[in-house]
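Enquirer: here is the input, now give the coordinates:
(one chain, ligands or ions: 2)
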Amino acid sequence: MSALTLSNVTKTFGTTEVITGVDLDVEPGEFCVFVGPSGCGKSTLLRMIAGLEDVTSGDVKIDDRRVNDVAPAKREIAMVFQSYALYPHLTVRDNMGLALKQAGTSRADITAATDKASAMLGLDPLIDRRPSELSGGQRQRVAIGRAIVRRPKLFLFDEPLSNLDAALRVATRIEIARLHRELGATMIYVTHDQVEAMTLADKIVVLRAGRVEQVGPPMELYNDPANTFVAGFIGSPQ
Ligand code: ADP
Ligand code: MG
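Expert: Ligands and ions are numbered 1, 2, ... in the order given. The predicted structure is shown next:
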């Protein structure tokens, strides 16, 4: 079984093709990183997996189920964005629990789930605060907590660290790696940062202008890049 399968996925905006014939298999529990320069189509690909963009042609499967026509809320995914997207009027706990509340989960179960996520992320002391009372790093941890409480089959991250300063970026990156180990969940992570890709990934997908240039474990790409673009991007001295 695959956690995610993309088969010949293409996306066209107007007359411009921005994703071309992407094939990919991600195994359960794998940490898969999409890396490539700005504008190469990373977010578009992730948004098609999430169901936030339609696929122009090709198939998206989650756990071997074709989801092309399945609404985002029904795909059992959770997405973490660069911009946190927290509700300013809700506390940390209510931000984390909102999706469960909307799904009709009982109050006791919401409290249990948000307690667990906040403990995992060190958010206990902040649980009653509102987003305006938090630092950028704390806000991103709340956004990650909001993803965790939904127990998704797939976590999707779109450049979650790019609004953080350098020290926080490293700390949060280490935290995401730890969560991946603890949860054993499948994660798809978009970044244009080679260091993030090399340190987080089980599997790296290098994208260029909407096409996959190479897929493989970090050291394979480093030691045996398919071409000069991959070599330049992964930083192997050629
Ligand atoms: P990345 O995340 O790698 O920076 P994107 O997926 O955001 O790249 O964008 C890929 C290409 O698709 C870019 O050329 C971008 O301008 C274009 N694009 C993205 N979203 C839209 C849209 N809604 N309408 C038209 N063009 C878009
Ligand atoms: Mg993007």
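Enquirer: list the buried ones in the one helix or strand His180 maps to?
Expert: In this assignment (DSSP states H and E), His180 forms part of helix 166-183. Residues of helix 166-183 classed as buried: 168-169, 172-173, 175-176, 179-180 (neighbour count, 16 or more other C-beta atoms under 10 Å). In this view, the C-beta of every residue, glycine as well, is placed from N, C-alpha and C.
Enquirer: let me see the ranges of the strands in the chain.
Expert: 4-13, 16-26, 31-35, 57-62, 65-66, 77-80, 154-158, 186-191, 203-208, 211-216 (DSSP state E).
Enquirer: want to try TSV for these, with distance to ligand 1 and mean pLDDT as columns?
Expert: Formatted as TSV, the strands of the chain follow (distance: least, C-beta to the nearest ligand atom, whole Å; pLDDT from 0 to 100):
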stretch	distance to ligand 1	mean pLDDT
strand 4-13	3	98
strand 16-26	4	98
strand 31-35	8	98
strand 57-62	15	98
strand 65-66	22	96
strand 77-80	13	94
strand 154-158	7	96
strand 186-191	7	97
strand 203-208	7	97
strand 211-216	12	98
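Enquirer: would you list the ones you listed in TSV and tack on mean neighbour count?
Expert: Formatted as TSV, the strands of the chain follow (neighbours: other C-beta atoms under 10 Å):
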stretch	mean neighbour count
strand 4-13	18
strand 16-26	18
strand 31-35	24
strand 57-62	18
strand 65-66	12
strand 77-80	23
strand 154-158	23
strand 186-191	25
strand 203-208	23
strand 211-216	18
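Enquirer: and those as TSV, adding distance to Asn227?
Expert: Formatted as TSV, the strands of the chain follow (distance: least, C-beta to C-beta, whole Å):
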stretch	distance to Asn227
strand 4-13	21
strand 16-26	17
strand 31-35	15
strand 57-62	24
strand 65-66	32
strand 77-80	31
strand 154-158	26
strand 186-191	20
strand 203-208	9
strand 211-216	7
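Enquirer: picking that back up, what's the helix holding His180 in contact with?
Expert: 31, 120-121, 135-137, 140-141, 144, 148, 157, 160-161, 164, 187, 189, 196, 199-200 (C-beta atoms under 8 Å, 6 or more residues apart in numbering).
Enquirer: also stretch 214-231?
Expert: Contacts for stretch 214-231 (C-beta under 8 Å, 6+ apart): 24, 197-198, 201-206, 208, 213, 234-236, 238.
Enquirer: swap the cut-off to 7 Å and go again
Expert: With C-beta atoms under 7 Å, 6 or more residues apart in numbering as the test, stretch 214-231 has contacts from 24, 198, 201-206, 208, 213, 234, 236, 238.
Enquirer: stretch 131-147 now?
Expert: Counting by C-beta under 7 Å, 6+ apart, 78, 80, 84-86, 88, 92, 95-96, 99, 117-118, 121, 123, 126, 155, 160, 163-164, 168, 172 sit against stretch 131-147.
Enquirer: figure out how far stretch 32-52 is from the centre of its chain.
Expert: Offset of stretch 32-52 from its chain centre (C-alpha atoms, centre = their mean, to the nearest Å): 9 Å.
Enquirer: how far away is Leu183 from Met120?
Expert: Plainly put, Leu183 is 9 Å away from Met120 if you go by C-beta to C-beta, to the nearest Å.
Enquirer: over to Val215?
Expert: With distances taken as C-beta to C-beta, Val215 is found 30 Å from Met120.
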